[in-house]
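In: Need coordinates for the below:
(2 chains)
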Amino acid sequence: MHIPDGYLSPQTCGAFGAAMVPVWAGAARRVRRVVRSRFVPLIAVGAAYCFLVMMFNVPIPDGTTAHAVGAVLVAVLLGPWAAVIAVSIALGIQALFFGDGGVLAFGVNCFNMAFVMPLVGYAVYRVSAGRVALTAPRRAVAAGIGGYVGLNAAALCAAIEFGVQPSLFHRADGTPLYAPFHLAQTIPAMALAHLTVAGAVELALTAGVIAYLQRANLPLLRINHRGIPDTDDGSAPTRTARRARGIAIGIAVMVVLTPLGLLAPGRAFGEAPRGGFWRHALLDGYGFGGGRNHVVGYVVSAAVGVVLIGAVVLATVALVRAGERRRVRAGEGARA
Amino acid sequence: MTAASAPDWLLREEVGLCPCGCVGRRSRRGFVEKTLTGGADVVRQALFSEDISSRRGLLQSIEPRVKLLTMLALLIAAAFVRHVPVLLALYGATLVLAVCSSLRLSFFVRRVWLFVPLFTGLVVAPAALNLVTPGPIVVPLGTWFGHPVGLTRPGLEAAAVIVSRVALSISLVVLLTLTTPWNRLLAALRAVFVPRVFVQVLGMTYRYLFHLVTGVGEMYTARTARTVRRERGVVPGRAFVAATAGALFGKAHALSEEVHLAMVARGYTGSTRVLRPLRPRVVDAAWAAACLAVIITAVGVDHVFG
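Out: Numbers count the residues shown, from 1 in each chain, chains lettered A, B, ... in the order given. A predicted model of the protein is given here:
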């Protein structure tokens, strides 16, 4: 994803470079406010770490290898704004000293890999991880998903930057002057590579490193997770509560999706035609308003059905439990 | 820094029954070897750049700030040029500059062309097809569902412009970095309004990069020493990479704390001072004037071509 010089027009490079200046300034101010005089060594060593993460080859099926960017990993470990600067510095060293990525295209590369990727990935991580404990497996999975989404967001940006070139910069006869492929070609090409192999590698590395630190070096995770408990305490939801919440969310999604049934033509197989002996149903035909508001009718019917069935099940369980308690009490009375 | 270079036997590719690969199977290098080679390459490349930048030559004698600004101007000019002959003429000029700066021509050409321009050629090759860039077909390749398929004139021109521009841009950057010691190059970044604190961070990153490369090399070498048979599947390898990256973060963070304490102990307050200000000379002015003339000529000729 390191765009070399020559692929993009100087106007594109200039615009992205100018857009990154306030981002760098804002990021530096935010990080400095927190770490003060530790700013220089922390960011310097963080950037060196970033550079090396891009050097780690990760084995993939088929016997070959690929490497990750690691921007979301650094965002999870040091914070998103520290990641913006650390990844930018790493990209600068790659471009200046090792010829990896262009010097003119530095602003564009930073926008994709040092701004979009860590911020999008970190946002996904925060939403996915919530307030679960530092040692929760969900945190490692959330970091992996953040890495995957962040990388693909960066790849999408790169694809758009490539894809607009032939439309914006061409000769009078239509000959493209810079990257020659259109959006219809660049987006699928980048998506194919990053949704499959590169994304999987990013996911594996990000999740793997967080899982390793959860096991081996928890203090490092605490740097950017102040106020998050190490393990689940009483305030955290129990396993049963989490499972119940998951089931409730699943049922709610199914309720919302019930109007999809309206898309199917004809009637349900084996279902008797309407018009039986009972004609006073509240939601006759899963609707109301004389056949209007089909979608709302389906959703309301599903919700009412779920609540009614739930109430019947709960009442049955309560009755069975009450019967069991009575039997236990009767048994204890007989023994006494 | 010597500890960072991996032993030769570790970096050598595994060879099959015959060194030319005509019989037997040449086994593919795994992730351990590739990472070790990558780390060793980083160190080797940096040491080699330092070596070249200390030689006597034309570009080595130019003041780094002037060199950085003129190379940036040439890069921008190259980005605006639209015709292959102009780009090739500029590329020829970079070859002359390389020779005048004590660089071996074969090394310079290989270093520039080995990866990115060749890779660019492969990437933009499909753009020469009439399916992507319409136009008169000059190299017919057959038919596809009854439609003629071939390379078009505008497609080939576009591909040639991009490949030559990429090669020229990389040549300019390679010339700059190979002929300037890294600490002088960092100091020169101040001339393009890079804030002092970022220059300081860049310098420190570059220095500690090699320290951490040593750590990675040692971890991977230890892993290779412990491995007695070929691994099956990718899961153990991935677990090792994740554990190494996690352990490396621990080392990096501890290092940053130590460096901070050392800086504070030496009186660091958060501001940076440059010891030796760089002064431009007559030769630098002549170089800048020559670059300006080349840029005006190149852009003018390109404009004449249309």
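
In: ok, and the closest non-adjacent residue to whichever residue of the stretch 201-336 of chain A sits closest to chain B?
Out: Here the residue of the stretch 201-336 of chain A nearest chain B is residue A:208; by C-beta to the nearest C-beta that distance is 2.6 Å. The C-beta positions use only the backbone N, C-alpha and C, and glycine is treated the same way. Using C-beta to C-beta, 6 or more residues apart in numbering or on different chains and skipping the chain neighbours, the partner closest in space to residue A:208 is residue B:242 (2.6 Å).

In: what about chain B, any weak spots by pLDDT?
Out: B:1-29, B:231, B:270-278 (pLDDT under 70).

In: Show the residue spans covered by the helices in it.
Out: Here chain B has its helices, by DSSP state H, at B:8-11, B:31-53, B:64-80, B:84-100, B:105-113, B:116-124, B:153-178, B:182-188, B:196-226, B:235-265, B:282-305.

In: Which stretch among those helices is buried most, on average?
Out: Burial of the helices of chain B is given as mean neighbour count (mean count of other C-beta atoms under 10 Å in any protein chain shown); helix B:153-178 ranks first at a mean of 24.

In: what's near enough to touch the most centrally placed residue in chain B?
Out: For chain B, the residue nearest the mean C-alpha position is residue B:174 (6.9 Å; C-alpha atoms, centre = their mean). For residue B:174, the contact set (C-beta atoms under 8 Å, 6 or more residues apart in numbering or on different chains) comprises A:99, B:108, B:111-112.

In: just residue A:19 next, same as before
Out: Contacts of residue A:19 (C-beta under 8 Å, 6+ apart): A:107, A:111.

In: what about it, distance to residue A:302?
Out: According to C-beta to C-beta, to the nearest Å, residue A:19 stands 47 Å off from residue A:302.

In: Repeat that for residue A:51.
Out: 53 Å.

In: Looking at these two, which one has more neighbours?
Out: residue A:51 (26 against 21; other C-beta atoms under 10 Å in any protein chain shown).

In: Give the helix, strand or coil label for residue A:212.
Out: Following DSSP: H, G, I helix; E, B strand; the rest coil, we place residue A:212 in the helix state.

In: Surely it touches residue B:246?
Out: Yes - Residue A:212 lies in contact with residue B:246 (C-beta atoms under 8 Å); the separation is 3.7 Å.

In: what residues are shared contacts of those two?
Out: By C-beta under 8 Å, 6+ apart, no residue touches both residue A:212 and residue B:246.

In: thinking again about what came up before, mind listing what the residue nearest to residue A:208 touches?
Out: So residue B:242 contacts A:204-205, A:207-209, A:211-212 (C-beta under 8 Å, 6+ apart).

In: Kindly report the same for residue A:125.
Out: Counting by C-beta under 8 Å, 6+ apart, residue A:125 has contacts A:72, A:75-76, A:142-143, A:145-146.

In: Same list, those residues, but only the ones touching chain B.
Out: Contacts with chain B are made by none of those, judged by C-beta under 8 Å from any C-beta of the partner chain.

In: quick one: which of those has the most company?
Out: residue A:72 (34 neighbours).

In: give me phi/psi at the residue nearest to it when sequence neighbours are not counted?
Out: In space, and not counting its chain neighbours, residue A:72 is closest to residue A:121: 3.2 Å by C-beta to C-beta, 6+ apart. Phi and psi for residue A:121, reported as degrees, to the nearest 10, are phi -60, psi -40.

In: For chain A, what's the nearest residue on chain B?
Out: Using C-beta to the nearest C-beta, the single residue of chain B nearest to chain A is residue B:242, 2.6 Å away.

In: What strand or helix carries residue A:3?
Out: Using DSSP states H and E, residue A:3 maps to neither a helix nor a strand.

In: burial count for it?
Out: Neighbours of residue A:3 (other C-beta under 10 Å): 22.

In: Check residue B:133 too.
Out: 27.

In: In contact with it, which residues?
Out: By C-beta under 8 Å, 6+ apart, the contact set of residue B:133 is A:174-176, A:180, B:127, B:152, B:154-155, B:158.

In: and if we set it to 6 Å?
Out: Residue B:133 makes contacts with B:127, B:152, B:154-155, as judged by C-beta atoms under 6 Å, 6 or more residues apart in numbering or on different chains.

In: What parts of the stretch 51-200 of chain A come near chain B?
Out: A:51-53, A:55-59, A:61, A:63, A:65, A:89, A:93, A:97, A:99, A:103-104, A:175-177, A:180 (C-beta under 6 Å from any C-beta of the partner chain).
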